[in-house]
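[1] need coordinates for the below:
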Amino acid sequence: MIRLDASTVLLQWAVGGLLFLWVTCRRHQIGAGYGWLLRITYIVMLVSAFVVGTVNETVPLREIMTIGMVIAATIPLLISFSERKDEKKSLNINLDLVAPMLGLIALVAAAFDAGGPTALAVARIIVGAIFLGAVSDAMLLGHWYLVQPGLARAPLLELVRSVGAIWPFELAVLLYPTGMLSVINGSIDDGYGGLLGWFWIACTVMTIILVFVTRAALKERQYSAVMAATGLLYLGILTGFGMDLVARATLA
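    Down below sits the predicted model:
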């Protein structure tokens with residue numbers, strides 16, 4: 001079995017979120033405030049991951065890379081904030097790639113420490129990070145349209161498509177033996193008479209349904225369609241996290 005711990009989950013969330021911050025902001029279509037919001041949010045998560053990892057079971061390389069990520073995310077935050085009054089300047093968005101690159105090292109270190117088949121642990125942790133980051137950033141970006149209502153829908157649609165694209169890979173790594181198929185067929189007791197297995201199936205199916213419904217909503221011309229899509233993405237976060245964390249907690 002592959003162990004699941006809170007520090008790694010927070011780290012995954014931050015790594016994926018910072019990766020898709022770069023994806024969304026690389027064309028400089030979105031106001032600087034969006035970058036401030038996401039960097040601050042994920043810096044808080046990284047600090048929390050470091051504290052939890054230090055207090056509980058420490059993985060030295062993971063914790064070192066986590067601190068490196070905090071520094072790497074803080075630098076573009078400070079640069080962007082210092083340049084806020086100079087419209088001619090724009091942050092070199094590639095600076096935002098440094099933190100996810102360090103995060104990749106941290107996630108691999110966490111996977112080696114998690115036990116079980118190493119390759120499967122690496123795949124589940126990295127794919128899970130991308131999946132959780134995409135769905136979280138999509139919801140946060142949906143809210144940003146309240147601040148920047150003239151923003152084109154392409155960045156939000158790109159994130160929604162990314163969630164749909166990574167979903168099959170997330171499903172595959174969670175089903176791969178020993179995976180959720182063993183819970184569904186009863187080979188592994190989930191402790192609740194199979195209820196968690198059915199809950200996982202519901203979350204998995206609803207996540208991809210919400211992706212398609214959100215994409216359909218974004219095709220509507222009214223501005224309210226963006227807010228409807230954001231509401232659907234709230235549900236997408238719940239079902240997406242259920243898909244990932246319920247499976248990994250059951251299999252731990």
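
[2] quick check: mean pLDDT of stretch 71-90?
    Throughout stretch 71-90, pLDDT has a mean value of 83.

[3] so how far is that stretch off the chain centroid?
    24 Å (Cα atoms, centre = their mean, to the nearest Å).

[4] so what touches that stretch?
    18, 28, 32, 35-36, 39-40, 42-43, 46, 91-93, 95-96, 98-99, 102 (Cβ atoms under 8 Å, 6 or more residues apart in numbering). (Each C-beta comes from the backbone N, C-alpha and C, glycine too.)

[5] swap in 7 Å and give it another go.
    Applying Cβ atoms under 7 Å, 6 or more residues apart in numbering, the contact partners of stretch 71-90 are 18, 28, 32, 35-36, 39-40, 42-43, 91, 95-96, 98-99, 102.

[6] which parts of that stretch are buried?
    Within stretch 71-90, the residues scored as buried using 16 or more other Cβ atoms under 10 Å are Ala72, Ala73, Pro76, Leu77, Ser80.

[7] quick one: the helices in the stretch 1-150 of the chain, in order.
    6-25, 32-55, 60-82, 98-113, 118-144 (DSSP state H, counting those that start in this stretch).

[8] tell me which helix or strand comes right after the last one.
    Looking back up the chat, that one is helix 118-144. Downstream of helix 118-144, the first helix or strand assigned by DSSP states H and E is helix 154-175.

[9] got the buried residues for that following helix?
    So, applying 16+ other Cβ under 10 Å, buried residues of helix 154-175: 155-160, 162-164, 166-167, 170-171, 173-174.

[10] centre of the chain versus the next helix-or-strand element following it, how much separation?
    Per DSSP H and E, the first helix or strand lying C-terminal to helix 154-175 is helix 180-184. Counting by Cα atoms, centre = their mean, helix 180-184 is centred 24 Å from the centre of its parent chain.

[11] so what does helix 180-184 touch, helix or strand wise?
    Secondary-structure packing of helix 180-184 (3 or more Cβ pairs under 7 Å, 6 or more residues apart in numbering; DSSP states H and E): helix 195-217.

[12] what sits against Ala111?
    Contacts of Ala111 were listed using Cβ under 7 Å, 6+ apart, and they are Thr118, Ala121, Val122, Ile125.

[13] for the spatially closest residue to Val246 that is not a sequence neighbour, grab the count of nearby residues.
    With Cβ to Cβ, 6 or more residues apart in numbering as the criterion, Val246 has its nearest non-adjacent residue at 4.9 Å, and that residue is Trp200. When neighbours are counted by other Cβ atoms under 10 Å, Trp200 registers 23.

[14] cool, Val205 as well?
    12.

[15] repeat that for Thr250.
    Applying other Cβ under 10 Å, I find that Thr250 has 23 neighbouring residues.

[16] in three-state terms, how would it be classified?
    Three-state assignment for Thr250 (DSSP: H, G, I helix; E, B strand; the rest coil): helix.

[17] OK, contacts around it?
    So Thr250 contacts Val183, Asp190, Leu196 (Cβ under 7 Å, 6+ apart).

[18] now the contacts of Ala111 in a markdown table, with pLDDT?
    Supplementary listing: the contacts of Ala111 in a markdown table, determined by pLDDT from 0 to 100:
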| residue | pLDDT |
| --- | --- |
| Thr118 | 90 |
| Ala121 | 92 |
| Val122 | 95 |
| Ile125 | 95 |
